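Colleague: Dropping a prediction and its sequence here:
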Amino acid sequence: MTERDVKTTAPHEAAQLRVLLFSVLREKVGRGTLDLALPAPATGAALLDQLARDYPALAPYRPIVRLAVNQEYTDESVRLEAGDEVALITPVSGG
Amino acid sequence: MTERDVKTTAPHEAAQLRVLLFSVLREKVGRGTLDLALPAPATGAALLDQLARDYPALAPYRPIVRLAVNQEYTDESVRLEAGDEVALITPVSGG
Amino acid sequence: MEDIWIELTKEALDVGAAAAFLATPGAGGLSLFVGTTRRWTGEQETEELAYDAYAPMAEQEMRRLVAQAQGRWPVLKACVLHRLGVVPVAEASVVVGVATPHRAEAFDACRFLIDALKQQVPIWKREHYADGSTAWVQGSAPPALQEEIPSPEADE
Amino acid sequence: MEDIWIELTKEALDVGAAAAFLATPGAGGLSLFVGTTRRWTGEQETEELAYDAYAPMAEQEMRRLVAQAQGRWPVLKACVLHRLGVVPVAEASVVVGVATPHRAEAFDACRFLIDALKQQVPIWKREHYADGSTAWVQGSAPPALQEEIPSPEADE
């Protein structure tokens, strides 16, 4: 948390983010990685909204997607920083 | 059961029995097999009483011994027949 | 019958072989329990265990317990393997395993089998302590008469 | 750390190696769960499964779940092995195992780990059916936020 607090993006700067997709989402979009710039304030919810607009195939999954930021599950209210590794996690089915 | 009904010992005949001992009982008695003739009526309880008299080392275990007759656990009221394989089973500790 | 593997042996037990035996297309999960010789029990240090058995009856009881498990859960395959003679610390004395379509029933059936084995199957262990002494371990209660064991029906 | 074995691999899983890893002088019992590919789910026939993972996070979540189990039970050793890529029918996709001093806690900790893995670890399976069709399997609910998982303290 300390590190994130330090490198907070300036208010009107766009955050450059890499978003990882897996399983059904990767198949629907046809790619495993999306790079996008998110205008401030860059939150998880804003990211999901923008992805649903840019990639209509993702829209139906928005209600069941859990965000992982830097490999940790997080609430959509999370503030995203430039360089964060964001992943969209649909309900898992390992085991 | 049918077989047992057929070969019932005559009322005053002694039943010739082989008794198997394991673990602590075998150690206490110094033998794994005892052959004994039990006067009629030859029941499990009578067998345990006689063994406790003949082998004092067995007496302390009488309250916790389970009888197995022909490899099946049985109540002490069981009627024993000549040729039955009787085993004295102290509380087991496998696993 | 080829779906049940019961064995008493003086050889080391092979957990991989047990898992390979249990694998079957109908199974979604295998639950295995491996009992191993623990070095410490309170203050006492164990060097090895030695197991004695009423072998033919032990195998028969194991089969009966597997049949009971099959009456209660959809057990597709099961194994109950017990080592006899000396078992050094950290080695396996018993391997119990079941294969079922789903995992909850695999855990339940496996747990039932090892609990029932420890109560019912005529096998006894002797502790060989580090100080040179030995002691037969006695279970907490005599085995139950067959009628006393909760039947599959009574459980449903 | 040498007491925990976490692995994602495209190779066949070795249950015997898992049991050998778990064996330790402090353990009285090992509980292992092996998830295998089931041929039939209702009317549908599965030929094989294929697993996809967010690998670095999956390994991290597995470690976190083992740490949770260690907080709740006296887990001496634990392994969580998951196969990725294609897993044919009857082969193992996951092996979860724990060693504890006594058997009840081994079953409980192993059961916790496989249940939590199926809810939390970012791995997904795709069914390849005998009729040629395929389908990603979706779990019943999104993974829980870390704060939502019952903590060891809350349980005592």
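Modeller: It's in.

Colleague: all helices for the chain, in order.
Modeller: Going with chain A. Per DSSP state H, chain A carries helices over the ranges A:2-6, A:23-29, A:44-54.

Colleague: look at chain C instead
Modeller: Counting by DSSP H, the helices of chain C are C:15-22, C:55-72, C:103-120.

Colleague: Same question for the second one: list its buried residues.
Modeller: Spelled out, that is helix C:55-72. C:57-62, C:64-66, C:68-70, C:72 (16 or more other Cβ atoms under 10 Å in any protein chain shown). In short, each C-beta sits where N, CA and C put it, glycine included.

Colleague: now stretch C:119-139
Modeller: Across stretch C:119-139, burial judged by 16+ other Cβ under 10 Å covers C:119-128, C:136-139.

Colleague: Using TSV, lay out these together with distance to chain B and pLDDT.
Modeller: Shown next, in TSV, are the buried residues of stretch C:119-139 (distance: Cβ to the nearest Cβ, whole Å; pLDDT from 0 to 100):
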residue	distance to chain B	pLDDT
C:119	7	98
C:120	7	98
C:121	5	98
C:122	5	98
C:123	3	98
C:124	4	98
C:125	5	97
C:126	7	97
C:127	10	96
C:128	14	96
C:136	4	97
C:137	4	96
C:138	5	96
C:139	3	97
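
Colleague: Can you find the helix or strand in chain C with the smallest mean pLDDT?
Modeller: When the helices and strands of chain C are scored by mean pLDDT, DSSP states H and E, strand C:40-41 comes last with a mean of 92.

Colleague: What about the residue nearest to residue A:32 when sequence neighbours are not counted, how many residues nearby?
Modeller: Among residues not flanking residue A:32 along the chain, residue A:26 sits closest, at 4.8 Å (Cβ to Cβ, 6 or more residues apart in numbering or on different chains). By other Cβ atoms under 10 Å in any protein chain shown, the residues close to residue A:26 number 17.

Colleague: cool, residue C:87 as well?
Modeller: Counted by other Cβ under 10 Å, the residues lying close to residue C:87 total 23.

Colleague: cool, and residue C:28?
Modeller: Neighbour number of residue C:28 under other Cβ under 10 Å is 21.

Colleague: got the phi/psi numbers for the closest residue to it other than its chain neighbours?
Modeller: Leaving aside its chain neighbours, residue C:28 sits nearest to residue D:38 (4.2 Å; criterion: Cβ to Cβ, 6+ apart). Dihedral pair for residue D:38: phi -90, psi 140, per degrees, to the nearest 10.

Colleague: Please tell me the pLDDT value assigned to residue D:38.
Modeller: Note on residue D:38: pLDDT of 94.

Colleague: Equivalent analysis for residue C:148, please.
Modeller: Confidence at residue C:148, expressed as pLDDT, is 56.

Colleague: got it, and residue A:40?
Modeller: Model confidence at residue A:40, expressed as pLDDT, equals 87.

Colleague: Next, the contact list for residue 90, please.
Modeller: Because you didn't say which chain, this covers chain A. A:22, A:23, A:24, A:25, A:61, A:64, A:65, A:66, D:124, D:138, D:139, D:142 (Cβ atoms under 8 Å, 6 or more residues apart in numbering or on different chains).

Colleague: Chain C was what I was after
Modeller: C:36, C:37, C:39, D:23, D:24, D:25, D:27.

Colleague: Was I right to think the first one contacts residue D:29?
Modeller: Spelled out, it's residue C:36. Yes. Using Cβ atoms under 8 Å, residue C:36 is in contact with residue D:29, at 6.8 Å.

Colleague: shared neighbours of the two, which are they?
Modeller: With Cβ under 8 Å, 6+ apart as the test, residue C:36 and residue D:29 both reach residue D:99.

Colleague: would a markdown table of the contacts of residue C:90 with neighbour count and distance to residue C:89 be doable?
Modeller: Below are the contacts of residue C:90 laid out as a markdown table (neighbours: other Cβ atoms under 10 Å in any protein chain shown; distance: Cβ to Cβ, whole Å):
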| residue | neighbour count | distance to residue C:89 |
| --- | --- | --- |
| C:36 | 26 | 8 |
| C:37 | 24 | 5 |
| C:39 | 19 | 5 |
| D:23 | 19 | 10 |
| D:24 | 16 | 9 |
| D:25 | 15 | 5 |
| D:27 | 27 | 10 |
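
Colleague: Distance to chain B added to those, as CSV?
Modeller: Shown next, in CSV, are those (distance: Cβ to the nearest Cβ, whole Å):
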residue, distance to chain B
C:36, 11
C:37, 11
C:39, 17
D:23, 16
D:24, 18
D:25, 18
D:27, 14
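
Colleague: Need the max-distance pair from those residues.
Modeller: C:39 and D:23 (11.7 Å; Cβ to Cβ).

Colleague: Can you give me every residue that contacts residue 64?
Modeller: If you meant another chain, say so; for now it's chain A. Taking Cβ under 8 Å, 6+ apart as the criterion, residue A:64 is in contact with A:90, A:91, D:138, D:141, D:142.

Colleague: To clarify, I was referring to chain C.
Modeller: Residue C:64 touches residue C:146, counting by Cβ under 8 Å, 6+ apart.

Colleague: and the gap between it and residue C:139?
Modeller: 18 Å (Cβ to Cβ, to the nearest Å).

Colleague: residue at max distance from the center of chain C?
Modeller: Taking Cα atoms, centre = their mean, the residue of chain C most remote from its mean C-alpha position is residue C:131, at 28.6 Å.

Colleague: Just the pLDDT at that one, thanks.
Modeller: Residue C:131 carries a pLDDT value of 95.

Colleague: which non-adjacent residue is nearest it?
Modeller: residue C:45 (7.6 Å).
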